[in-house]
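>>> Using only what follows, build the 3D model:
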Amino acid sequence: MIIESSAPTRVDLAGGTIDIWPLYLFHPGAVTVNFAISLYARCRIETRTDERIILESRDRGVKVETSVANREQLADDRQLELVSKLVHFFKPQIGFNLTTDSESPAGAGLGGSSALAIACIGALNRMVGERYERRKFIIIAANIETTVIRVPAGFQDYYGAFYGSANCIHFRPDGIEREALDVNGGELERRITICYTGEPRLSGINNWEMFKSHIDGNSTIINLFEDIRDSARDVRQALAAGDWRQVSETMRAAYPKRKGLAPNITTPRMEMLVEKALRHGAEAAKVCGAGGGGCIAFLCAEERKEDVERALAEEDGVKILRWKFASEGLTVRES
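Take a look at the predicted model:
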C-alpha cells in the first residue's frame, strides 16, 4: 500500500502570535488572517512486508530506522523529532517507509513544520484505518508540535495547512472557528511578493518571549496585542470587500506595532530589505511568522511586483519564492 499526502504552507497577513492559547482569551474578538500557498509539505508512506520502520526527510537528508517492536524509542528521537513523535502517537502495527519533503525553506516563517505535521497526520491516520476523525487533526498536530518546540504553539498555521485557501480564524472562549474568506487568489498572486531573507529563524524563541511578557502583565505588550487584534479585523474586512488600498494602509500601520512586541522580530538585514522594497514599489511589508529571520511578504503597488522582486534579488542570499494561491488544503491519496 502506498499513501501520499500533501498540505500547503501559508502567509500570515495579520493577527500572528495572538493565536497562542491562552493569549487570545484576553483579547475578545481575536482573529488571524492568512492564505495558503503552493509550497507544500509532503508525506509518502509505503508499507513493508517486514516490521522495519524507516523514516526519512529528503530535504534535510536525515534517516531514522527502528522496528514495530521498538517503536517506543521514537518518543525520544531528536533527529526527526516531529515525525518520530507523530509515528509514536499513531502506534502502527506494521512496517513501513515514511518519507517527507518540504518545499518551503527551513526557518522560513511560512508554517512549514505545521504543514508537515498535518500532512503526516493525514497519511498516518489513513494507514491505521482512519482511527481519528479529520476534525481532530488540528488539535493532534498542535499538541504534538508543542512537545517538540517545548513552548506553546500557535493554532493559525494548522488551519491554512488543513483547509488551504484564505482564512480568518476566530478565537473565542467556546472554541476556534475558521471562516473561509472569499478572496481573489489571482489578485494575491499579482500583488504579493515573498522573499526569503537567507536568515532562518526559530519561532518558538520569539513567541515565548512575547508569551511571557504578556502573562507577566506587561501593559505595553498587552496594548500591542490589542492593536494587532484590531489590525487583523481591519485586514479581514478589507480583503472581504476587495479594498486593497485599505489592506495596504492597515498592513503599513501594523508593521511598527509588531516590531514593538520583541526587539528581535526584525534584524538589520530585514530592515534593509524592507526599506529597499518600499523604495521600489512595495506599499507594505509583513514579517512572516514570528520573525527574527525567515521570509517577508510585501504588498506591491499595481504593476510594481516585478520591480520589487528585481531590487530584492540584487541582495546576496535573498531568494524570491515562486508560489501560487493554494485553494485546497490537506489531500490524502492511496494506491
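>>> Extract the residue ranges of the chain that are flagged as low pLDDT.
Residues of the chain meeting the criterion pLDDT under 70: 201-206, 263.
>>> What lies in contact with the longest helix that it contains?
In the chain, ranked by residue count with DSSP state H as the criterion, the top helix is helix 219-241. With contact meaning C-beta atoms under 8 Å, 6 or more residues apart in numbering, helix 219-241 is reached by 13-18, 23, 26-27, 29-33, 166, 168, 181-183, 210, 213-214, 244, 246-247, 250-251, 253-254, 257-258, 260-261. The way it works is simple: take the backbone N, C-alpha and C, and place the C-beta from them, glycine included.
>>> Then stretch 310-329?
7-8, 35-40, 105, 118, 160-166, 185-186, 188-189, 193-199, 272-273, 276-277, 279-280, 295, 309.
>>> Show me how to select, in PyMOL, the buried members of those residues.
To isolate the buried members of the contacts of stretch 310-329 in PyMOL, using 16 or more other C-beta atoms under 10 Å:
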select buried, resi 7+8+35+36+37+38+39+40+105+118+160+161+162+163+164+165+166+185+188+193+194+195+196+197+273+276+277+280+295+309
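>>> In strands only, show me the contacts of stretch 310-329.
7-8, 35-40, 166, 193-196, 295 (DSSP state E).
>>> What residues sit buried inside the helix or strand hosting D307?
For D307, the host element (DSSP states H and E) is helix 305-313. Neighbour counts over helix 305-313 (16+ other C-beta under 10 Å) mark 305, 307-309, 311-312 as buried.
>>> ok, now which ones touch Y159?
34, 138, 167, 169, 178.
>>> how deep is G317 tucked in, by neighbour count?
By other C-beta atoms under 10 Å, the residues close to G317 number 9.
>>> quick thing: my sequence starts at 39, can you match it?
Happy to do that; since the first residue is 39 now, the last one works out to G355.
>>> S122 touches E110, doesn't it?
No - contact criterion C-beta atoms under 8 Å: S122 and E110 do not qualify, at 10.9 Å.
>>> who's more crowded, the two?
Each of S122 and E110 has its neighbours counted (other C-beta under 10 Å); S122 has more, 23 against 10.
>>> quick one: the more buried one is in a helix?
Yes - the assignment for S122 by DSSP: H, G, I helix; E, B strand; the rest coil puts it in a helix.
>>> Please parse the chain into its domains.
40-219+364-372, 223-358 (automatic domain parsing).
>>> any idea which of the ones you listed is most buried?
Sort the domains of the chain by mean neighbour count, taking mean count of other C-beta atoms under 10 Å, and domain 40-219+364-372 sits at the top with a mean of 20.
>>> Now do that domain: distance from first to last residue.
End-to-end distance for domain 40-219+364-372, by C-alpha to C-alpha, to the nearest Å: 6 Å.
>>> from the middle of its chain, how far away would it be?
How far domain 40-219+364-372 lies from its chain's middle: 10 Å, per C-alpha atoms, centre = their mean, to the nearest Å.
>>> mind listing the strands for this protein?
Under DSSP E, the chain gives strands at 40-52, 69-85, 90-95, 100-105, 134-140, 204-210, 213-218, 230-234, 320-325, 333-338, 357-358, 369-372.
>>> Generate CSV for the ones you listed, with distance to I187 as supplementary columns.
What follows is the strands of the chain, written out as CSV (distance: least, C-beta to C-beta, whole Å):
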stretch, distance to I187
strand 40-52, 17
strand 69-85, 16
strand 90-95, 17
strand 100-105, 18
strand 134-140, 16
strand 204-210, 20
strand 213-218, 19
strand 230-234, 21
strand 320-325, 19
strand 333-338, 18
strand 357-358, 25
strand 369-372, 25
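>>> So for Q117, which of the ones you listed sits nearest?
strand 100-105 (5.3 Å; C-beta to C-beta).
>>> what angle sits between the closest one and strand 134-140?
160 degrees (axes from the mean of the first three to the mean of the last three C-alpha atoms, to 10 degrees).
>>> what comes into contact with strand 100-105?
89-95, 111-112, 115, 117-118, 121-122, 133.
>>> Which two of those residues have the greatest separation?
E89 and S95 (21.7 Å).
>>> quick revisit: please dump the buried residues of helix 343-351 into a markdown table; it should also carry distance to V273 for every row.
Shown next, in a markdown table, are the buried residues of helix 343-351 (distance: C-beta to C-beta, whole Å):
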| residue | distance to V273 |
| --- | --- |
| K343 | 19 |
| D345 | 24 |
| V346 | 20 |
| E347 | 23 |
| A349 | 25 |
| L350 | 23 |
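>>> Which one of those is nearest to G192?
Of these, the one sitting nearest to G192 (C-beta to C-beta) turns out to be L350, at 26.9 Å.
>>> I'd like the distance between the closest one and F336.
Distance of L350 to F336, computed by C-beta to C-beta, to the nearest Å: 8 Å.
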